[in-house]
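Trainee: Any chance you could fold what I've pasted below:
(one chain, ligands or ions: 1)
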Amino acid sequence: MDKPIEKPYAHASNPCRQCMPLGASWAFKGIESCMPVLHGSQGCATYIRRYMISHFREPIDIASSSFDETTVIFGGEANLEKAVLNVHRQYHPRVIGIGTTCLSETIGDDVDRFIIRIRDKYPELPPLIPVSTPSYQGTQEEGFLRTVQGTVKTLAGQYQLTEEAIPQSDGPLLNLFMPMITPADIRWLKEVLSRMKIKGTLLPDYSDTLDGGMWSEFHPMPPGGTALEQIIAMDRADGSLELGSDYPAEWRPGYYLQKRFGVPNARCGLPVGIDSTDHFLSILSEITGQEIPGACEQARSRLIDAYGDAHKYLFGKKVVLFGDTSTVEALYRFASEVGLDPVLCFTGSPSGILEKTLEKLPLPEASANPPLIKENFDFGDAEALIEELQPDLLIGNSKGYKISRKMDIPLLRVGFPIHDRFGASRQRMLGYEGTASLLDRVVNEVMERKQSKSTVGYTYI
Ligand code: SF4
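Mentor: Numbering: from 1, shown residues only. Just a heads-up that it's a prediction; the model follows:
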């Protein structure tokens, strides 16, 4: 990575990140009958609800321990106890997830200790999962990952299961962990496992809770999500597979299960593009001993054909990629395969993972120079670079719209948040079919641009 830009100011200007408890709330929403409680002021829960609602277009409930001035001075234990009891009384959840916020972390609340005391006083409460998510330490991506690992640590192998609750299967049992992907992509992963006759526990599974259908009766919490018993039984699986970037051990649930219970663990990047999807399917087959379904071969062949058709539109087009680490890494691999030239890749995450990962990858065929890779980066800094680089296309979340509008560069919405387009939950990117869908969107964006800027008015492009 280049030297950090010397800023004439100390703030982030239109940051390329949201906050850690947002990721925690998102992950908790993928557990069946789980209510997130954010330990801090009400504004944190309100902001996060607003962001998630406008992206997923679903009702989102997130409780808060509702700090006030006295809580900040005397600590938030009494508020947390009250919040947990209220949620238990009103929603009857099977799990309560507790994420900290900047404020509770700054005053030094010992939430783990609070929970031990609350549990002693009220043994009838369901499992409480504490996660430390101070937003000044990372982004929503880190909050999401820490929450998944925290959930596994709190539940896997820690509770007794009845005989009926223990997962039974003729096929292999697999734990599958994903970073923040769309509900539609989760459904595709489930379909692949089902075709390969693998009994998978996907965590978190928000494919229904954040993208559900119409209800004929009221549910206090949306149906769906990974069942509590499945998470408790994760220590009995034949293996785990973690999707996403090469995150550090303290964010990785599969790593924890391997170390604590000896469950074999593997990792691969998000299966976007031909190479990455090939790799994902071969790892899946290797871990479980199951064959790759024939339908995958047909979808792969169609995608190769589409790559060929798209080449004349895309080769050498300069793109800027931004968003969460795993998403940017996956987009970079995809861009390299289809002949795009990624000139700038950036994320708001300060983790250092994006730089470490992309630097190891070969230079894309269409690139004369390695891309600029920026971490802990905001759109204020990105604007100056983009003006210099003059890319043909931006690929990332809706937060790039200001730059897109100001510089008249098209923006293809991918990732989170997507507030100014419809159908974010149904976007596909994973697997051969998902990649084809992403490819179609990229090519159409390029074509539309060419057509709208042409004085001739081409009808064939
Ligand atoms: S105060 Fe911190 S935790 Fe709360 S919304 Fe802002 S960044 Fe997120």
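Trainee: Could you list the buried residues of the helix or strand harbouring residue 97?
Mentor: Applying DSSP states H and E as the criterion places residue 97 in strand 95-100. Neighbour counts using 16 or more other Cβ atoms under 10 Å place 95-100 of strand 95-100 among the buried residues. Using the backbone N, CA and C atoms, a C-beta is placed for each residue, glycine as well.
Trainee: Find the pair from these with maximum spatial separation.
Mentor: 95 and 100 (17.1 Å; Cβ to Cβ).
Trainee: all helices for the stretch 301-450 of the chain, in order.
Mentor: 325-338, 353-360, 379-389, 401-407, 431-453 (DSSP state H, counting those that start in this stretch).
Trainee: out of the ones you listed, deepest packed?
Mentor: Greatest average neighbour count among the helices of the stretch 301-450 of the chain goes to helix 325-338 (a mean of 26), per mean count of other Cβ atoms under 10 Å.
Trainee: how far is that helix from where the chain is centred?
Mentor: Taking Cα atoms, centre = their mean, to the nearest Å, one finds the center of helix 325-338 at 15 Å from the center of the full chain.
Trainee: Equivalent analysis for stretch 440-460, please.
Mentor: 31 Å.
Trainee: hmm, back to that, out of the helices of the stretch 301-450 of the chain, the one nearest the ligand is which?
Mentor: helix 379-389 (16.9 Å; Cβ to the nearest ligand atom).
Trainee: And that closest one, what does it pack against?
Mentor: strand 318-322, strand 341-346, strand 372-374, helix 401-407 (3 or more Cβ pairs under 8 Å, 6 or more residues apart in numbering; DSSP states H and E).
Trainee: Need the contact partners of the last one.
Mentor: By Cβ atoms under 8 Å, 6 or more residues apart in numbering, the surrounding residues in contact with helix 401-407 are 14, 379, 382-383, 386-387, 394, 409-411, 420.
Trainee: ok so, going back, next, format the helices and strands packed on helix 379-389 as a markdown table and append mean pLDDT and distance to the ligand.
Mentor: Shown next, in a markdown table, are the helices and strands packed on helix 379-389 (pLDDT from 0 to 100; distance: least, Cβ to the nearest ligand atom, whole Å):
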| stretch | mean pLDDT | distance to the ligand |
| --- | --- | --- |
| strand 318-322 | 98 | 19 |
| strand 341-346 | 98 | 20 |
| strand 372-374 | 97 | 21 |
| helix 401-407 | 97 | 20 |
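Trainee: Just the buried positions in the lowest-mean-pLDDT helix or strand in the chain, please.
Mentor: Lowest by mean pLDDT, DSSP states H and E among the helices and strands of the chain is helix 69-74, with a mean of 91. Buried residues in helix 69-74, counted by 16+ other Cβ under 10 Å: residue 71.
Trainee: hey, C-alpha coordinates of the very next helix or strand once past that helix in CSV?
Mentor: Per DSSP H and E, the first helix or strand lying C-terminal to helix 69-74 is helix 77-91. What follows is helix 77-91, C-alpha atoms only, in CSV (Å, rounded to 0.1, in the frame of the first residue of the first chain):
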residue,chain,number,x,y,z
GLU,A,77,-25.5,-2.7,34.2
ALA,A,78,-29.0,-1.8,35.5
ASN,A,79,-30.0,-0.6,32.0
LEU,A,80,-28.8,-3.8,30.4
GLU,A,81,-30.6,-5.9,32.9
LYS,A,82,-33.8,-4.0,32.3
ALA,A,83,-33.4,-4.2,28.5
VAL,A,84,-32.8,-8.0,28.6
LEU,A,85,-35.8,-8.5,30.8
ASN,A,86,-38.1,-6.3,28.7
VAL,A,87,-37.0,-8.2,25.5
HIS,A,88,-37.6,-11.5,27.2
ARG,A,89,-41.0,-10.5,28.4
GLN,A,90,-42.2,-8.9,25.1
TYR,A,91,-40.6,-11.1,22.4
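Trainee: Determine the set of other helices and strands touching helix 77-91.
Mentor: Against helix 77-91 (3+ Cβ pairs under 8 Å, 6+ apart) you get strand 34-39, strand 63-64, strand 95-100, helix 111-121.
Trainee: buried sites along that helix?
Mentor: So helix 77-91, judged by 16+ other Cβ under 10 Å, has buried residues 77, 79-81, 83-84, 87-88, 91.
Trainee: repeat for stretch 239-252
Mentor: 239-247, 251-252.
Trainee: ditto for stretch 203-220
Mentor: For stretch 203-220, by 16+ other Cβ under 10 Å, it's 203-212.
Trainee: Show me what the mean pLDDT comes to for that stretch.
Mentor: Stretch 203-220 carries an average pLDDT of 95.
Trainee: who touches that stretch?
Mentor: Residues contacting stretch 203-220 (Cβ under 8 Å, 6+ apart): 26-31, 52, 56, 58, 60, 90-92, 148, 151-152, 175-178, 183-184, 186-187, 190, 221-226, 230-231, 234, 253, 425-426.
Trainee: same thing with stretch 66-84?
Mentor: 37, 39-42, 63-65, 96, 98, 103-104, 107, 109, 111, 114, 117-118, 121-122, 125, 128.
Trainee: Can you tell me which of the residues you listed are buried?
Mentor: Counted by 16+ other Cβ under 10 Å, the contacts of stretch 66-84 give 37, 39-41, 63-65, 96, 98, 103-104, 109, 111, 114, 118, 125, 128 as buried.
Trainee: Test my guess that residue 373 contacts residue 354.
Mentor: Yes. Using Cβ atoms under 8 Å, residue 373 is in contact with residue 354, at 6.1 Å.
Trainee: hey, what's in contact with both of those two?
Mentor: Contacts common to residue 373 and residue 354, judged by Cβ under 8 Å, 6+ apart, are 345-346.
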